[in-house]
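Trainee: Generate a structure from the sequence data that follows.
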Amino acid sequence: MVKKKLVYELKPLTLAEREICSNKLTEVNISGSVVIREGFTYILRWLKYGLKSIEGVEIFAANFDSEVNKLNDDDIADISNAIKEATQFPNKKKS
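Mentor: Residues are numbered from 1 along each chain as shown. Below you'll find the model as predicted:
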């Protein structure tokens, strides 16, 4: 069975929104491994600020939970990554 491609639209983020989305709680264990706390919250922040619509339905604060809750974890991660990539500035070569 072929999975239908999810259609969504992104919106630009301000620098302040990028800062909010990029901040994550991490801690280093005594063994030296790094643990990200509230990882799913970190992913959802990108959707909260950068997702304009899903399948033609415009996303607002009032319908965010109900619309995003229809998505599976893979779709949520894919959209979050797309938003992160869209907010990155291209690397400029030094002359």
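Trainee: Spatially, which residue comes closest to Lys24, not counting chain neighbours?
Mentor: Tyr42 (4.6 Å; CB to CB, 6 or more residues apart in numbering). C-betas here are computed from N, CA, C, even on glycine.
Trainee: One more: Gly39?
Mentor: Gly39's closest residue in space is Lys24 (CB to CB, 6+ apart), at 7.6 Å.
Trainee: And for the one you found, the neighbour number?
Mentor: Neighbours of Lys24 under the rule other CB atoms under 10 Å: 13.
Trainee: Report the central residue of this structure.
Mentor: Closest residue to the average C-alpha location of the chain: Ser80 at 2.5 Å, with CA atoms, centre = their mean.
Trainee: hmm, back to that, give me phi/psi at the residue nearest to Lys24?
Mentor: Backbone torsions of Tyr42, given as degrees, to the nearest 10, read phi -60, psi -50.
Trainee: Ile76 is in contact with that one, correct?
Mentor: No: with contact defined as CB atoms under 8 Å, Tyr42 does not count as touching Ile76 (11.5 Å).
Trainee: quick one: the strands in the protein?
Mentor: 8-10, 25-28, 34-37, 51-54, 57-58 (DSSP state E).
Trainee: Include mean pLDDT, distance to Leu71 and mean neighbour count when you put these into CSV, please.
Mentor: Listed next are the strands of the chain as CSV, based on pLDDT from 0 to 100; distance: least, CB to CB, whole Å; neighbours: other CB atoms under 10 Å:
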stretch, mean pLDDT, distance to Leu71, mean neighbour count
strand 8-10, 95, 9, 17
strand 25-28, 70, 24, 10
strand 34-37, 71, 21, 10
strand 51-54, 96, 7, 17
strand 57-58, 96, 12, 12
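Trainee: so can I have a markdown table of these showing distance to Glu19?
Mentor: Shown next, in a markdown table, are those (distance: least, CB to CB, whole Å):
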| stretch | distance to Glu19 |
| --- | --- |
| strand 8-10 | 18 |
| strand 25-28 | 15 |
| strand 34-37 | 17 |
| strand 51-54 | 18 |
| strand 57-58 | 25 |
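Trainee: for those, which one sits closest to Glu85?
Mentor: strand 8-10 (9.8 Å; CB to CB).
Trainee: Appreciated, that's everything.
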